[in-house]
Structure formats: structure tokens, C-alpha cells
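Chemist: Below are the sequence and a predicted model for it; my questions follow.
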Amino acid sequence: MLHVYVGPSLHRDAPVLADPRIRVLPPVCHGDLFDPAIADSDTVVVLDGAWHQKPAARHKEFLALLARGVRVIGGASLGAIRAAELQPFGMTGVGAVFRAYLQGEIDGDDEVAVGQAPDGDMRALTWPVVNVRHVLKLAAREGVVTEQAAEDLLGALRAVYYPERTTAALRAVCRAHHTDQFGDWLDQQRAADPLFGDIKQADAVEALEVALAEGLPRPQPRPVAESGYYRRWANHAAAQVVGGQRLNTVVRVAYQAFFDPSFPQVWNGFLEHRSLHPSDGGVSVPLQQRVKAVTGGTSGLPAHMLFRPVPDLRDEDTVARLLGRETPADRATIIRYQACREAARRTVRGFSVQAVDDGVARRALLRLWDVTPELLEEAAAARGFRSGEDAICSLKVFIAGLVHDQEQRGESADVR
């Protein structure tokens, strides 16, 4: 299977994308490469990626795929940038844009950035610098403009913010530099061939042809170092289908941590297991013995205040331990709260989980756990959160549901 992340570089009606071996996906963004549908024997082709309106896919996410032995190919746009950066680690780059980045001829992200329609069509509405540079070279070669004029036009067009670098803007720059003949020539070429000068499109097709040929070797699987950040990214992508409904594991665990009064015992049992079975292959030590080794036996701090590991929610045993007390009613509530969240997005202007006020979430959490502000930090640690602030941020995903429940009970929705 070929998983192809594509946007404005190649339109969805391109014949090469009709191959039944291809799974067409939108531009890659942070978290997408954790997709469980990507098997070790598959190939991932990254052409386009989000980086302005959404968080960009991190380099570590690409490295994790390569570490599994997944063949990863990049070209045309963001894929060309990542391939040039990660070629030493086994990523394959294809096309003229990739080669220009690899050889240091270009280096800015703005070289491939384009503005696109907000309606999901994904067609490019503006000119990327790589295409501008290419057509200017062709024009200079044919004597339409001098090499100096081409250089001046390129500099002027690079100064135009990328979402505003439209054909109209290109024409305006030509007029300002008294090179209308270049605009006229380009219009003629594009009338004969709408894809004239579009090296991003040509590179995208080439990358897919290379991937479909299946002649590239696979990277050698190798261990990838997992930081706490990387594990948290992976956790946010972990999910299971339960009762026909896809539920994020991190949300299910958070629900237990917030709403099950016995979850501190569950978390302590997880810490005990981790101490006896360290994930790094270290020495097996009972939890209390490990606590004494750290504190010298003089501190009364509990284990949850000393050890705050990030659990691996891709691991079935870990998930089973942390969700051992989960009930069908819990899952039903999570689904209902998810519906409340989606309804709030549609009906409350500006609503998002991130936009929920910290003070609102803090007050709701103090009531939920029936603790004073002074005890919030320890209460959060006892339930597996890194800090009180981490718990506050994690509760925000449930706020819309909590408000709905209060309103249904006829109570004042004081968590707002």
C-alpha cells in the first residue's frame, strides 16, 4: 500500500492517483504519521504538508517510520524539504525541488509555500518561488528577458508574502519593472499548457512513479530514541475501535483519572509494575525500595511525587492496566461528551478545547476532586498527570460535556 500525502502540488484528479495501490490523504501534519493503517511493509509518499494553519509533522515522526523499515519518499514541496534533511537516515528524495534543497541551491520553506482555497479544493492560488524561478530561467533562455531582469523580478516576487503571490501580483511586479513582455509570454505559455513551469507538479508525478515502480530498497529497521515529547505525540494518535466507535486512548485514560475515585490506586499499581519491569531493560526493583534509593529513606514523599513516567498507550498491557476499571457507561459518557464538544464548536462562536479558560478548568477540577488549590499538585501526580497545570489542560476536553450535564440537571453552568 502507498500512503500519499498530497495537496496543491498535484490535484486529486491526476491520473497517477487513480492507481488502486494508492491511498490518497490530505497534506501531512503533526500526528498523521502515527496512523496505524501504515504497515511496516508499506510505502509513504509525502508531497505536501501543513505548517502554517496546523502544526507541521516533526522530523522524529519521519524517523520513527524509517526505523520500522517503512519506505518513505519525499518530493515536490514539504516532502522535498524533509527528504533533503533526512536522506542520511534513509528517506528517499525525488525531483528537481529535492535536488535544489539537497545541493543548497535553495533553503527556505517559502520556496514551496502556496496559498490555497479555503473550501477544501486544495488547488494552489499563488505562485511558489520554485516555479517562479523556473519560468524566469526559461524566459531568459529564450531571450524574453535579460538575465539581470530575471534576477530583479525574482527578488521582487520573493518579497511578496506567499499567500499574495498571485498571477495578478506577478503582473503588477512586471509592470513596476517594465517587463510586461514576460507576463505576456507567460500567459501565452500557460494558455497552451496550464501546467507550464509547474515543477512541483512534475516532481509530484515523478515521486509517485518511483514509488509505484517499487524498485527502491527499504531502510534497515533500527531503534529510535523515544523522548517524553515523542511518546506524548504517539499517545495522542493511539486509538481503538470500541463498540463500533473510534475512541482516543489518551482521552479514555484521562476520563478514568478524572472521574474514577480509585484511579490513584490504579496509577500506583502501574508504577509498581514499571518499577519491577522497567521499559528500558533496567534492574527490577520493588517500588518502595526504589523510593528509598532515591530519597535515602529520609523523605516521606510518595512514589507518585518522585516518578512521573509517560505511559506508552500503544502498548496493550499498559492500556489494559490503566483501563482495568473502565465500564461501558464510561465509554458511553466519553462518546456523549465528544458529541457535546462538536455541538459547541458548531454553535458557540470561537469555541475550541484550547480556548477554554484556564481559570474555568481549574475551578471545575478543584470541585471534581474536592481538593484545595494547595493540594492540586499532589492530587494530579497521584493520578498520573505531570503537574496540576497538565491536569487542568487535560480536563478542557471534557468541559463542554460537564456544562451540558449541569444544564440538564437544572444547575447553573458555573464551570463557564
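Modeler: Noted; the coordinates are in hand.
Chemist: Against R314, how distant is S279?
Modeler: 12 Å (CB to CB, to the nearest Å). (C-beta placed from N, C-alpha, C; glycine too.)
Chemist: actually Q289, sorry about that
Modeler: According to CB to CB, Q289 and R314 sit 29 Å apart.
Chemist: can I assume D42 is in contact with V72?
Modeler: No: at 9.8 Å, D42 does not count as touching V72 under the criterion of CB atoms under 8 Å.
Chemist: between those two, which one's more packed in?
Modeler: V72 (30 against 19; other CB atoms under 10 Å).
Chemist: any idea of the pLDDT on that one?
Modeler: V72 is assigned 97 on the pLDDT scale.
Chemist: Mind listing the residues bridging to it?
Modeler: Beta bridges link V72 to V44 when assigned by DSSP bridges.
Chemist: My guess is it contacts G93. True?
Modeler: No: look at V72 against G93 with CB under 8 Å: they stay out of range, at 10.0 Å.
Chemist: In space, what's closest to P8 - neighbours in sequence excluded?
Modeler: A124 (3.9 Å; CB to CB, 6 or more residues apart in numbering).
Chemist: Look up phi and psi at the one you found.
Modeler: Main-chain dihedrals, A124, degrees, to the nearest 10: phi -70, psi 130.
Chemist: My guess is it contacts Q116. True?
Modeler: Yes: the criterion here is CB under 8 Å, and A124 meets it with Q116 at 5.8 Å.
Chemist: what sits in contact with each of these two?
Modeler: Residues touching both A124 and Q116 (CB atoms under 8 Å, 6 or more residues apart in numbering) are P8.
Chemist: Of the two, give the one with the bigger neighbour count.
Modeler: Using other CB under 10 Å as the criterion, A124 and Q116 rank with A124 on top: 22 against 18.
Chemist: how far away is the more buried one from Y337?
Modeler: In terms of CB to CB, A124 sits 39 Å off from Y337.
Chemist: got it, and H277?
Modeler: 33 Å.
Chemist: Pull the distance from stretch 338-351 to the chain's centre.
Modeler: 22 Å (CA atoms, centre = their mean, to the nearest Å).
Chemist: can you check stretch 351-364 too?
Modeler: With CA atoms, centre = their mean, you get 23 Å for stretch 351-364.
Chemist: Ok, stretch 351-367 next?
Modeler: With CA atoms, centre = their mean, you get 24 Å for stretch 351-367.
Chemist: mean confidence for it?
Modeler: 94.
Chemist: which of the residues in that stretch are buried?
Modeler: Buried residues in stretch 351-367, counted by 16 or more other CB atoms under 10 Å: 351, 353, 356, 360-366.
Chemist: Among these, which one sits closest to L102?
Modeler: Within the buried residues of stretch 351-367, the smallest distance to L102 is 39.4 Å, found for V353 (CB to CB).
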